[in-house]
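Engineer: Could you work out the structure for the sequence below:
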Amino acid sequence: MTQFVSEDPDFSRRAQENQARLTAGLSASYDFVVCGAGASGSVVARRLAEDPAARVLLIEAGGSDDVEAVLNPSLWPTNLGSERDWGFQAQPNPHLNGRTLPMSMGKGLGGGSSINVTVWAHGHRTDWDFFAAEAGDPGWGYDSVLQIYRRIENWQGAPDPRHRGTSGPVWVQPASDPNPIAGAMLDAAQELGIPRFDHPNGEMMEGQGGAAITDILVRDGRRHSLFRAYVRPWLDRPNLTVLTGTTVRRVVFEGRRAIGVEVLREGEILTIGASEQVVLSLGAMQTPKVLMHSGIGDRAELTRFGIPVVQHLPGVGRNLQDHVSFGCLWEYAEPIAPRNSGSEATLYWTSRPELDAPDVLFCQVEFPVPSERTAARGVPAHGWTMFAGLAHPASRGCLRLQSADPSAPLEIDANMMSDPADMQTALACVELCRSLGNAAAFRPFVKGETMPGDLRGNALKEFIRDAAVTYWHQSCTAKMGRDSMSVVDASLKVYGVDALRVADASIMPRVTTGNTQAPCAIIGERAAQMIRREQTS
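Structural biologist: Purely as a prediction, here's the structure:
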């Protein structure tokens with residue numbers, strides 16, 4: 001039985017008793033089955049359950065979020081490789097000197113929003129306008145999306161009514177009492193002519209970029225995940241059932257209509273019906289995997305494993321994108337303890353002056369984070385890291401089934417740094433990173449640069465290949481659009497079938513600028529809005 005905590009013990013008791021009753025008396029069918037209680041699925045389930053007549057089932061493979069490693073923002077690294085991590089592993093990559101990268105993704109209530117670094121990043125104006133153009137729907141455009149952000153935020157920083165809301169369910173605040181090196185990063189940016197902003201989710205994301213103290217989902221020192229923001233206040237309602245420890249294997253079809261899901265629960269395979277719709281919000285790995293096991297994907301791939309084809313959609317599992325980053329390290333002159341989540345300053349900028357939107361992003365981490373390869377170069381006992389990342393990588397990866405068995409793992413070809421354009425951007429990105437870290441603003445705090453140091457040419461390229469790691473922003477594997485590789489349309493319906501939607505980062509046509517948590521909330525809001533509109537029309 002899932003345990004839930006609350007500042008209100010009466011609510012906690014009601015929620016716990018209600019969910020125990022609902023899960024003990026699991027129905028054979030619900031109106032809506034939402035698969036995945038992560039950043040998007042939590043939003044969809046809550047919004048659908050706001051209709052008291054709608055019976056909503058939210059299915060999650062992992063367990064409770066009521067653990068200190070989740071609720072304490074500073075402990076986020078301890079979740080990597082734990083039972084709260086799917087533990088995906090990419091194939092050896094020849095473009096990264098044969099390295100095999102772990103690709104962590106959240107498994108449990110809240111999904112990635114329960115194990116991430118808590119960063120809230122809206123995405124750039126050009127991201128959302130690109131979504132709108134690809135979908136052929138202005139509802140995905142920046143101006144429309146900004147209205148949703150204003151509606152869902154409970155913003156605690158400097159007032160900015162044009163960009164920020166103050167009465168929504170999502171508590172967003174600037175990192176409180178930040179580490180002095182976070183302020184040094186903003187000062188260093190100004191030394192280089194990069195503007196400083198009060199927060200990163202307004203004017204800063206409408207032009208070339210800038211630097212700001214990070215926005216985080218932390219309230220009273222505790223993580224405020226999107227599950228906690230949306231679903232947790234609804235756990236005492238009779239029409240919302242949250243089922244943990246349950247893995248979705250495939251969507252069940254009657255003809256071309258989704259009528260439910262097949263799941264694995266406590267060692268038993270069950271089928272749960274959905275009279276209205278199934279919504280897949282399982283993330284950029286699990287959503288395309290479930291689609292393929294359900295007979296939706298590339299015909300040649302499905303027939304190779306004897307999976308009956310329901311709908312030929314060759315884009316399923318293709319177009320995999322992620323922000324790749326390169327950890328540059330400095331040694332402290334004197335040890336400085338990390339604060340908040342250990343990541344309190346952010347910067348977006350352009351690698352070339354002719355660009356009108358950022359193509360590189362920087363996240364400052366207040367402890368050393370080398371890759372498994374660059375650790376051999378020597379890591380200071382007390383230091384900090386600048387993650388220099390590519391905001392819009394040109395490389396594309398793909399996912400492939402290895403078996404008809406839904407329990408078999410995917411083959412993940414992340415293919416990072418395969419496009420030569422990414423190396424050119426990475427070189428400029430690391431050089432900008434070094435200029436920031438070696439600026440005068442850091443001199444009171446820093447003994448010196450640890451890596452990469454003053455490398456040039458092939459030596460710097462080798463460092464980049466050895467340093468490259470994921471930002472954990474896997475996305476785009478069931479993209480929204482109108483071309484032959486698109487999987488969902490503008491309303492997030494899967495092409496060629498009925499009563500099946502996708503709502504998570506996999507629908508992104510391209511990865512957004514910055515962390516993907518906030519855009520996933522928007523995707524969830526848009527999905528729920530379109531579903532409810534259909535129900536009332």
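Engineer: Just give me the longest helix of this structure.
Structural biologist: When the chain is parsed with DSSP state H, its longest helix is helix 517-536.
Engineer: List the buried residues in that helix.
Structural biologist: Residues of helix 517-536 classed as buried by neighbour count (16 or more other C-beta atoms under 10 Å): 517-528, 530-531. In this view, the C-beta of every residue, glycine as well, is placed from N, C-alpha and C.
Engineer: Which strands or helices does that helix pack on?
Structural biologist: Applying 3 or more C-beta pairs under 8 Å, 6 or more residues apart in numbering; DSSP states H and E, one finds that helix 517-536 makes contact with helix 41-49, helix 142-152, helix 226, strand 268-280.
Engineer: What segments of the stretch 251-400 of the chain are helices?
Structural biologist: Secondary structure of the stretch 251-400 of the chain by DSSP state H, counting those that start in this stretch: the helices cover 283-293, 299-304.
Engineer: Single out the most deeply packed of those.
Structural biologist: helix 283-293 (a mean of 27; mean count of other C-beta atoms under 10 Å).
Engineer: Which residues are in contact with Arg84?
Structural biologist: Residues counted as contacts of Arg84 (C-beta atoms under 8 Å, 6 or more residues apart in numbering) are 62-63, 67, 69-70, 106-108, 114-115.
Engineer: give me that answer again for 7 Å
Structural biologist: 62, 106-108, 114-115 (C-beta atoms under 7 Å, 6 or more residues apart in numbering).
Engineer: before we move on, what about Gly209?
Structural biologist: So Gly209 contacts 348-350, 358 (C-beta under 7 Å, 6+ apart).
Engineer: neighbour-wise, which of those residues leads?
Structural biologist: In terms of neighbours by other C-beta atoms under 10 Å, these top out with Tyr348 at 26 neighbours.
Engineer: Format the contacts of Arg84 as JSON lines; extra columns: pLDDT.
Structural biologist: JSON lines is the format used below for those (pLDDT from 0 to 100):
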{"residue": "Gly62", "pLDDT": "98"}
{"residue": "Gly106", "pLDDT": "96"}
{"residue": "Lys107", "pLDDT": "97"}
{"residue": "Gly108", "pLDDT": "97"}
{"residue": "Ser114", "pLDDT": "96"}
{"residue": "Ile115", "pLDDT": "94"}
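Engineer: Check the secondary structure at Glu17 for me.
Structural biologist: Following DSSP: H, G, I helix; E, B strand; the rest coil, the label given to Glu17 is helix.
Engineer: What separation do you get for it and Val67?
Structural biologist: 21 Å (C-beta to C-beta, to the nearest Å).
Engineer: Those two: who's more crowded?
Structural biologist: A side-by-side neighbour count of Glu17 and Val67, using other C-beta under 10 Å, places Val67 first with 18 against 12.
Engineer: For Asp322, give me its contacts.
Structural biologist: With C-beta under 7 Å, 6+ apart, Asp322 has these contacts: 414, 416, 470-471, 473-475, 511.
Engineer: now with 10 Å?
Structural biologist: 90, 101, 103, 284, 389-390, 393, 395, 397, 414-416, 469-476, 505, 511, 516 (C-beta atoms under 10 Å, 6 or more residues apart in numbering).
Engineer: Name the spans of the chain whose pLDDT lies under the cut-off.
Structural biologist: Within the chain, the segments meeting pLDDT under 70 span 1-7.
Engineer: Mind doing that once more with 50?
Structural biologist: Residue ranges of the chain with pLDDT under 50: 1-6.
Engineer: Cys476 is in contact with Arg510, isn't it?
Structural biologist: Yes - contact between Cys476 and Arg510 holds when scored by C-beta atoms under 10 Å: they sit 6.4 Å apart.
Engineer: Can you mark which positions in stretch 350-363 are buried?
Structural biologist: Across stretch 350-363, burial judged by 16+ other C-beta under 10 Å covers 350-351, 357-363.
Engineer: count of neighbours near His483?
Structural biologist: For the record, residue 483 is Asp, not His. Count around Asp483 with other C-beta under 10 Å applied: 9.
Engineer: Please report how far it lies from Gly448.
Structural biologist: Distance from Asp483 to Gly448, by C-beta to C-beta: 50 Å.
Engineer: got it, and Pro9?
Structural biologist: 52 Å.
Engineer: Comparing these two, which residue is more hemmed in?
Structural biologist: Neighbours per residue (other C-beta under 10 Å) separate Pro9 from Gly448, with Gly448 holding more: 14 against 9.
Engineer: residues contacting the residue lying closest to Arg396 once chain neighbours are set aside?
Structural biologist: Setting aside the residues directly before and after it, Arg396 is nearest to Asn319 in space (C-beta to C-beta, 6 or more residues apart in numbering), at 5.7 Å. Applying C-beta under 10 Å, 6+ apart, we find Asn319 in contact with 284, 288, 396-399, 475-479, 481, 485-487, 506, 508-511.
Engineer: ok, now how distant is Asn319 from Val290?
Structural biologist: 17 Å.
Engineer: which parts of the host helix or strand of Ala188 are buried?
Structural biologist: According to DSSP states H and E, Ala188 maps onto helix 180-191. Residues of helix 180-191 classed as buried: 181-182, 184-186, 188-189 (neighbour count, 16+ other C-beta under 10 Å).
Engineer: from the chain's centre, how far out does that helix sit?
Structural biologist: 27 Å (C-alpha atoms, centre = their mean, to the nearest Å).
Engineer: same check, this time on stretch 454-470
Structural biologist: For stretch 454-470, the distance to the chain centre is 26 Å (C-alpha atoms, centre = their mean).
Engineer: tell me which residues in it are buried?
Structural biologist: Buried-residue list, stretch 454-470, by 16+ other C-beta under 10 Å: 460-461, 463-470.
Engineer: Mind checking which of the residues you listed are in helices?
Structural biologist: 460-461, 463-467.
Engineer: Could I get the full set of strands for the stretch 101-250 of the chain?
Structural biologist: 102-103, 153-155, 170-174, 210-213, 215-216, 218-219, 222-223, 240-243, 246-254 (DSSP state E, counting those that start in this stretch).
Engineer: Adding mean neighbour count and distance to Gly327, write those out as JSON lines.
Structural biologist: Putting those into JSON lines (neighbours: other C-beta atoms under 10 Å; distance: least, C-beta to C-beta, whole Å) gives the following:
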{"stretch": "strand 102-103", "mean neighbour count": "18", "distance to Gly327": "15"}
{"stretch": "strand 153-155", "mean neighbour count": "22", "distance to Gly327": "31"}
{"stretch": "strand 170-174", "mean neighbour count": "22", "distance to Gly327": "24"}
{"stretch": "strand 210-213", "mean neighbour count": "24", "distance to Gly327": "19"}
{"stretch": "strand 215-216", "mean neighbour count": "24", "distance to Gly327": "21"}
{"stretch": "strand 218-219", "mean neighbour count": "20", "distance to Gly327": "23"}
{"stretch": "strand 222-223", "mean neighbour count": "20", "distance to Gly327": "24"}
{"stretch": "strand 240-243", "mean neighbour count": "24", "distance to Gly327": "37"}
{"stretch": "strand 246-254", "mean neighbour count": "20", "distance to Gly327": "33"}
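Engineer: Which residue ranges of the stretch 401-537 of the chain form helices?
Structural biologist: Using DSSP H, counting those that start in this stretch, helices in the stretch 401-537 of the chain cover 420-437, 457-467, 517-536.
Engineer: can you redo those as TSV with distance to Phe131?
Structural biologist: Listed next are the helices of the stretch 401-537 of the chain as TSV, based on distance: least, C-beta to C-beta, whole Å:
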stretch	distance to Phe131
helix 420-437	22
helix 457-467	29
helix 517-536	9
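Engineer: out of those, nearest to Glu266?
Structural biologist: For Glu266, the closest of those is helix 517-536, at 27.9 Å, according to C-beta to C-beta.
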